[in-house]
Structure formats: structure tokens, C-alpha cells
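>>> need a 3D model of the sequence below.
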Amino acid sequence: MSHELCRKACRVLLCPSLCLSVAVAFAAGQVSQQAAGKNAQSASAPTAVASSPETSNYVGAETCKTCHEEIYNAWAKTPHWKTTLNTKGGPSKQGCEGCHGPGADHVAGGGDKTKIFVFEGKSRQETSARCLTCHGEAHEQSHFAESAHSSSDVGCLDCHSPHHAKEKEFLLAQEQPQLCYGCHISAKADFAKPYHHRVNEGLVQCVDCHNPHGTATVRQLRSLPSGDAICYRCHVDKQGPFVYEHVPVKTEGCSSCHSPHGSTNPKLLNVMPVNMLCLQCHTFSTTLTAGGPIGPAHNQSAKYQACTMCHTQIHGSNFSDVFFK
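As a prediction, this is how the structure comes out:
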């Protein structure tokens with residue numbers, strides 16, 4: 001009913017209020033039709049995106065499973081299963097294609113390996129770059145490009161196995177510490193010495209002290225934010241700060257006196273007996289040493305061999321400048 005017809009009907013019926021009601025209803029109908037049209041347009045928008053050429057190149061992990069069921073089942077038990085099924089990143093971050101790239105051409109080619117990224121046969125730089133597209137921004141792997149492992153041509157797949165990991169955590173290709181011992185033979189020998197950090201016993205791991213993906217410090221050590229030695233994470237009582245600091249502890253670090261992996265000497269000392277270790281710095285030479293001990297003469301051949309019998313707080317003291325207490 002048009003607005004003009006509504007007015008004529010109202011004159012006949014002598015009911016202006018009816019005219020107003022009909023006009024309001026007519027206007028509301030027009031608005032609802034416009035809203036319905038907009039909703040239809042917005043509902044059709046995702047369909048256009050979903051059918052874009054880029055999206056259509058991805059076939060989904062279930063399609064991969066039809067040919068690679070064994071690998072698929074092994075992958076389904078790994079942390080990658082959960083993370084790559086995250087739909088927020090789109091098809092390029094999901095399933096098998098999150099690592100191997102879109103698989104439509106691979107499937108259409110009857111399994112043609114040249115139509116998809118295959119890790120086998122690729123250089124370590126290529127495979128590592130593929131992994132770092134997701135892991136490169138993580139704090140743990142942020143220094144990998146500058147790490148000793150990277151500069152020594154060690155890639156991600158030398159230590160990690162995305163499909164057949166031997167450890168659930170970190171997708172390691174072999175259990176620690178045997179994985180590290182494969183290259184670090186000297187460290188393996190140190191941990192076999194009588195006095196050693198209990199890595200072989202499983203109480204300490206290599207990655208507790210070292211970040212294999214690289215750090216901004218030497219030996220890829222996990223230094224604390226304050227810059228203190230990594231040793232203080234366990235040996236808190238040696239950290240200080242002390243009123244009287246033993247200079248080598250702060251300038252050269254724990255390794256100036258201790259062998260961190262293992263030693264034939266008690267307390268992982270580099271040299272025995274103790275006085276020989278101390279005399280490496282505390283001699284009467286006037287150059288490059290700390291100078292001879294202050295006070296009465298010390299009979300190094302007998303009574304005063306172990307300096308720490310008196311200088312008990314050798315790592316630092318709050319009461320004595322010669323570390324007596």
C-alpha cells in the first residue's frame with residue numbers, strides 16, 4: 001500500500017492513528033529488506049576468499065594421509081600435531097603443508113616430489129630456513145643464525161626429527177646427553193671423570209647450561225639477565241654480592257678455578273693441591289699476578305698447603321678482606 005492510498009483510507013475511516021501505524025510498519029519493512037541484503041552480501045564474502053587460487057592450492061593433512069599414513073600417524077603423536085592444526089594462521093600454517101608447502105600440484109602430479117618441498121636432499125641452510133619461518137622469532141632460537149652450530153654447518157634436522165622423535169620434548173632425534181656426545185667427544189670424556197656434574201646420571205642436562213640454538217654469550221651459555229655466571233642458578237650461595245669480592249670470580253668466572261664438565265680433582269678444581277691453584281695468581285712476581293700473600297710467611301711445603309683451611313670464604317666475604325670468614 002502506498003503512502004497516498006494510506007492517507008485516503010484514513011480520511012474515509014477517520015482514523016489518523018491507523019495511518020501513522022501503517023506508515024511506520026512500511027518504513028520498518030524497507031529497512032529490514034536493506035539489512036537482509038547486506039547480510040547476504042557479507043555471508044557470501046568468505047566463500048569468495050575460500051575459493052581464492054592461493055587457498056585452493058592446499059589440500060589438507062587428511063589428503064596427505066592417504067599415501068603417507070605411516071608418517072602421518074607418527075606426526076600425529078608429536079607437538080607439531082597440535083600447533084599446526086591451529087586455524088589462526090590459515091592453510092599455510094596447518095598440517096603437513098605447514099612445512100612442505102601447498103600439495104595440490106603434488107597430488108595432481110601423482111606424487112611428483114618436484115611439486116612440493118621435500119627436506120631430503122636439501123642443504124642444511126635450506127632445511128633450517130624452513131624451520132625458522134615459524135621458530136625464528138621465538139626467544140630460544142632467535143640467535144641460531146649466529147650460533148656456533150650454524151657456523152659449523154649443523155642444521156635443525158641433525159638434532160630434531162619432526163616425524164620420528166625419540167623424545168616427546170623438543171622432538172629430539174636422540175635422547176640427551178648421547179645426542180650431544182655425538183659431536184662433543186671431549187665433553188663426554190670429562191663427564192666420565194671421577195668428579196663431574198651428574199649429566200650421565202640424568203640429574204643435569206646439557207641444555208640446562210647451554211642453549212644449542214645460540215646465545216649472545218660465549219660457549220652458548222644461558223647467562224642470567226644480570227650477566228652473572230650460569231653456575232649461580234644452582235650455586236646461589238656463591239653469587240653475592242659481597243663486601244669483599246674475590247676478583248677472579250667476577251672478572252674470569254668460575255672456570256678460572258673449576259672445570260665445569262668434570263675433573264680428576266675434588267670440587268672440580270683445575271689444579272691440585274689447592275695451594276698450587278692459588279699460587280698461579282698469588283706469587284711474588286710484580287707482573288701479571290696478584291702478588292704474594294700478605295702477613296706471616298707461609299710454609300707451602302707443610303702446614304699451609306691448603307689455603308682454604310684459613311681462607312674459607314674464598315668466593316667472597318662480607319666481613320674479611322682476606323676471606324677468613
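>>> what ranges do the strands span in this structure?
Assignment of strands within the chain using DSSP state E yields the ranges 195-196, 244-245, 262-263, 316-317.
>>> what strands line up against the first one, and which way round?
Sheet pairing for strand 195-196, assigned by DSSP bridges, gives strand 262-263 (antiparallel).
>>> and the strand it pairs with, how far out from the chain's middle?
Relative to its chain's centre, strand 262-263 lies at 29 Å (C-alpha atoms, centre = their mean, to the nearest Å).
>>> stretch 235-249 too?
30 Å.
>>> what comes into contact with that stretch?
Around stretch 235-249, the neighbours that count as contacts under C-beta atoms under 8 Å, 6 or more residues apart in numbering are 228, 231-232, 254, 256-257, 281, 290, 314-321, 323. Where C-beta positions appear, they are placed from N, C-alpha and C, glycine not excepted.
>>> before we move on, what about stretch 72-83?
Contact partners of stretch 72-83, identified using C-beta under 8 Å, 6+ apart, comprise 61, 64-65, 96, 99, 162-165, 168, 171.
>>> most widely separated two among those?
Across those, the two members that end up farthest from each other (C-beta to C-beta) are 64 and 168, 22.4 Å apart.
>>> comparing those two, which residue is more hemmed in?
For the pair residue 64 and residue 168, the greater number of neighbours falls to residue 64 (21 against 10), based on other C-beta atoms under 10 Å.
>>> list the contacts of the closest residue to residue 131 other than its chain neighbours.
On the basis of C-beta to C-beta, 6 or more residues apart in numbering, the spatially nearest residue to residue 131 that is not a chain neighbour turns out to be residue 156, at 4.4 Å. For residue 156, the contacting residues are 127-128, 131-132, by C-beta under 8 Å, 6+ apart.
>>> now, the residues you listed that are in helices?
The members of the contacts of residue 156 that map onto helices under DSSP state H are 127-128, 131-132.
>>> including neighbour count, could the residues you listed go into JSON lines?
Shown next, in JSON lines, are the ones in helices among the contacts of residue 156 (neighbours: other C-beta atoms under 10 Å):
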{"residue": "127", "neighbour count": "19"}
{"residue": "128", "neighbour count": "23"}
{"residue": "131", "neighbour count": "18"}
{"residue": "132", "neighbour count": "17"}
